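A.B. asks: structure of the sequence below:
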Amino acid sequence: MIYDGRIFLCGIMACLALSVLFNTHSANADDRDGALPPITCVAITSDGLTAIDGSQSGVRIRRWSDLSVEHTVEVLCRNVHDVVLSPDESKLAIVGGNPGESAWIGLYSWPSRELLWSQSFSDDIAYTASFSPSGYALAVGCHDHSVVLLDSPSGGTKSVLTGHSRPVTALTFLSNDVSLVSCGLDQSIRVWNCEQGNFVRSLTNHTQPITCLAERPNTGDALPMIATGSEDKTVRLWQPTIGRMVRFRRLPSGVTTLAWTKDGHSIIVGCRDGRIRVIQADTLHVIEHPAASNGWIMAIAVHPMESMILTGDNDGNLVKLPL
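C.D. replies: Below is the predicted model of the structure:
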């Protein structure tokens, strides 16, 4: 996601070379030459057949096998910052807005891509969204420091959660379907009870803006765990429901995005230096991925079946890479 507007447009030769070196497929944001908008978000469907990416040039639906564009989705805003499928994959939420004007969210049926409802709110853009596990609530994190809770079927506003002092960059509902965790440029992680619409606690060990977070899957009966990444060059693991930081790992570069592997054993981390690093969650051992980009890694999605990831960078490159 874009969280502070600092974008450096470079060439695409590095990713073209990687596609040959690693026998992967690559694409750019709008399949034409010239300066390309950053890939701000990516997603892969649970059957592994379809990839979705978003940028300032819109949202594209791609065939996973070769990343060819099959469809585009019309959006009612200039900037797209997040694309999120509902837990049952019957809905697709697209989040963004018009800088300095409004946040925007559109909910589409999936896979038919029919617009069900859209809403504009706030006085600036939205960066991130998360469905509750039940699919009935949808949280949106905004530049104006707020978290907006929406009713997914109707699009109506349920509540507005305030407390962050700077823009909200990432959020996720926990698997208990009650707790929501958000993070922001104010260096804090905030835990909310969405049934009661109230603030629970704040976690503040990061020393620079927090850019991303994700819940660990497959924890069984253990307490929920999240990973957060920050400009302070660390990835930190937390048990947010009890307010405990479990461990952290320092990296050579600021963290821009992260995603868990489906088994919950590893965290795939994208960094400002264009590198991808794999952190083993239980030992914090770091493996440097051989691939690299000239620009920041802005978005990562893990394939549900293959040992592959999909990455997007701020040069507009979309690349499949093996783990």
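A.B. asks: which outside residues touch the helix or strand harbouring H81?
C.D. replies: Per DSSP states H and E: H81 is located in strand 79-85. With contacts defined as C-beta atoms under 8 Å, 6 or more residues apart in numbering, strand 79-85 is touched by 1-2, 40-43, 45-46, 52-56, 58-59, 91-99, 110, 125-131. Backbone N, C-alpha and C define where each C-beta goes, glycine included.
A.B. asks: can you select the buried ones among these for me in ChimeraX?
C.D. replies: Applying 16 or more other C-beta atoms under 10 Å to the contacts of strand 79-85 leaves a buried subset, and the ChimeraX line that selects it is:
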select :1,2,40,41,42,43,45,52,53,54,55,56,58,59,91,92,93,94,95,96,97,110,125,126,127,128,129,130,131
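A.B. asks: next step: the contacts of strand 79-85 restricted to strands.
C.D. replies: With strands taken from DSSP state E, the overlap with the contacts of strand 79-85 comprises 41-43, 52-55, 58-59, 91-98, 126-131.
A.B. asks: partners of the strand holding H81, with directions?
C.D. replies: strand 91-98 (antiparallel) (DSSP bridges).
A.B. asks: the strands in the stretch 101-250 of the chain, which residues?
C.D. replies: 102-109, 115-121, 126-131, 137-142, 147-151, 157-161, 168-173, 179-184, 189-193, 198-203, 210-215, 226-230, 234-239, 244-250 (DSSP state E, counting those that start in this stretch).
A.B. asks: which of these sits closest to L36?
C.D. replies: Between L36 and these, the tightest spacing by C-beta to C-beta is seen for strand 126-131, at 20.1 Å.
A.B. asks: tell me what the closest one is packed against?
C.D. replies: Secondary-structure packing of strand 126-131 (3 or more C-beta pairs under 8 Å, 6 or more residues apart in numbering; DSSP states H and E): strand 79-85, strand 91-98, strand 102-109, strand 137-142, strand 168-173.
A.B. asks: return the residues in contact with G54.
C.D. replies: The neighbourhood of G54, defined by C-beta under 8 Å, 6+ apart, consists of I39, T40, C41, V42, R60, V80, H81, D82, V83, I94, G96.
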